[in-house]
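In: Structure of the sequence below:
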Amino acid sequence: MKKSELKEFLDEKVVLYNNPKFIESDPIQIPHLFSKKEDIEIAGFLAAIISWGNRTMIIRNASKMMELLDNSPHDFILNHQENDLKSLEGFVHRTFNYIDLQQFIKSLQHIYLNHGGLENVLSIKDNSKTYQTAINNFKTLFLEIEHQQRTQKHISDPLKNSAAKRINMFLRWMVRNDKTGVDFGLWKTHNPANLSCPLDVHSGNVARKLKLLIRKQNDWKAVSELDKNLRNLDKKDPVKYDFALFGLGVFEKF
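Out: Coordinates of the predicted model:
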């Protein structure tokens with residue numbers, strides 16, 4: 001397929017999937033429950049962090065998390081007492097359990113009280129064109145308070161060659177303004193041109209079939225390769241093609 005044909009094909013798929021109907025079956029519906037900026041970004045972050053496995057289960061468990069935070073995540077994070085964290089006991093999503101959730105609440109409080117919130121700590125501060133070092137810096141700040149060793153694995157590190165799929169997906173939600181009401185475009189200090197595709201089994205397999213990706217492993221090297229090819233198709237909004245790749249893989253079994 002020529003570049004122009006590939007672009008036309010993928011642009012059509014973006015239109016097909018990047019619309020409000022997509023929200024109904026996707027974890028992005030969790031932050032859409034809220035209207036306050038901080039509630040949206042915290043709900044989005046927590047939903048994204050547990051986004052692996054069965055999507056129905058992800059949505060159910062992310063909804064449960066919001067209930068445990070009194071459906072007011074920002075207020076809970078800022079004002080919780082140690083005693084309030086006991087109410088989280090029993091929560092589990094695969095290998096992410098209530099110990100991790102309690103730690104995440106404490107770390108998010110630290111981020112909002114001492115580091116200006118998620119928008120600030122995930123911003124690119126080294127003039128690079130990707131979030132590789134920004135995510136690594138975020139992980140350092142997130143874990144600079146006392147924490148359980150087990151929680152470290154739930155924040156990926158692209159400098160250790162992780163594809164960081166869940167954080168890249170969260171960044172897409174917050175940074176990209178798609179004008180259709182799916183992605184939020186909340187973080188005006190960030191540039192959607194720097195986003196990377198949240199690479200998973202579905203998007204990776206479709207990208208390889210379309211020759212957008214040669215590398216076999218789904219790691220940061222693969223993310224970089226896919227970035228380059230998607231930016232050739234649209235340098236201002238490369239991760240709109242996440243909708244095309246994901247939709248082709250999940251809904252069309254391409």
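
In: in the stretch 151-254 of the chain, which spans are strands?
Out: Ranges of strands in the stretch 151-254 of the chain, per DSSP state E, counting those that start in this stretch: none exist.

In: can you give me the helices in it?
Out: 165-175, 201-209, 220-233, 241-250 (DSSP state H, counting those that start in this stretch).

In: Format the ones you listed as CSV; extra columns: mean pLDDT.
Out: Listed next are those as CSV, based on pLDDT from 0 to 100:
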stretch, mean pLDDT
helix 165-175, 98
helix 201-209, 96
helix 220-233, 98
helix 241-250, 96
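
In: Of all those, which one comes closest to residue 189?
Out: Comparing those by their distance to residue 189 (CB to CB), the top pick is helix 165-175, with 9.3 Å. Placement of C-beta: from N, CA and C, glycine included.

In: thinking again about what came up before, tell me which of the helices of the stretch 151-254 of the chain is the most buried.
Out: Of the helices of the stretch 151-254 of the chain, the one with the most neighbours on average (mean count of other CB atoms under 10 Å) is helix 165-175, at a mean of 25.

In: Identify all contacting residues around it.
Out: Helix 165-175 is contacted by residues 28, 31, 41, 44-45, 48-49, 51-52, 118-119, 122, 131, 135, 138, 155-156, 183-187, 190-192, 195-200, 218, 223, 239, 242 when judged by CB atoms under 8 Å, 6 or more residues apart in numbering.

In: Repeat that for stretch 217-226.
Out: Stretch 217-226 is contacted by residues 130, 132, 158, 161-165, 168, 196-197, 199-201, 204, 207, 212-215 when judged by CB under 8 Å, 6+ apart.

In: make it 7 Å
Out: The contact list for stretch 217-226 (CB atoms under 7 Å, 6 or more residues apart in numbering) reads 132, 158, 161-163, 196-197, 199-200, 204, 207, 212-215.

In: Can you say which of the contacts of helix 165-175 are buried?
Out: Using 16 or more other CB atoms under 10 Å as the burial test, the contacts of helix 165-175 include 28, 31, 41, 44-45, 48-49, 51-52, 118-119, 122, 131, 135, 138, 155-156, 183-187, 190, 192, 195-200, 218, 223, 239, 242 as buried.

In: Looking at the contacts of stretch 217-226, which one is closest to residue 254?
Out: Among the contacts of stretch 217-226, residue 207 lies closest to residue 254 (CB to CB), at 10.5 Å.

In: residues in contact with that closest one?
Out: Contacts of residue 207 by CB under 7 Å, 6+ apart are 213, 226, 245.

In: Looking at the residues you listed, which one is closest to residue 22?
Out: Distance to residue 22, by CB to CB, is smallest for residue 245 among the contacts of residue 207, at 13.3 Å.

In: can you count the residues close to the closest residue to residue 207 other than its chain neighbours?
Out: Spatial nearest neighbour of residue 207, excluding adjacent residues (CB to CB, 6 or more residues apart in numbering): residue 213 at 3.9 Å. Neighbouring residues of residue 213 were enumerated by other CB atoms under 10 Å; the total is 24.

In: got a list of what residue 213 touches?
Out: Applying CB under 7 Å, 6+ apart, the residues near residue 213 are 204, 207, 222, 225-226.

In: List the contacts of stretch 35-46.
Out: Here stretch 35-46 makes contact (CB under 7 Å, 6+ apart) with 30-31, 33-34, 62, 65-66, 72-74, 77, 104, 108, 117-119, 170, 173-174, 184, 186.

In: I'm done for today, thanks for sticking with me.
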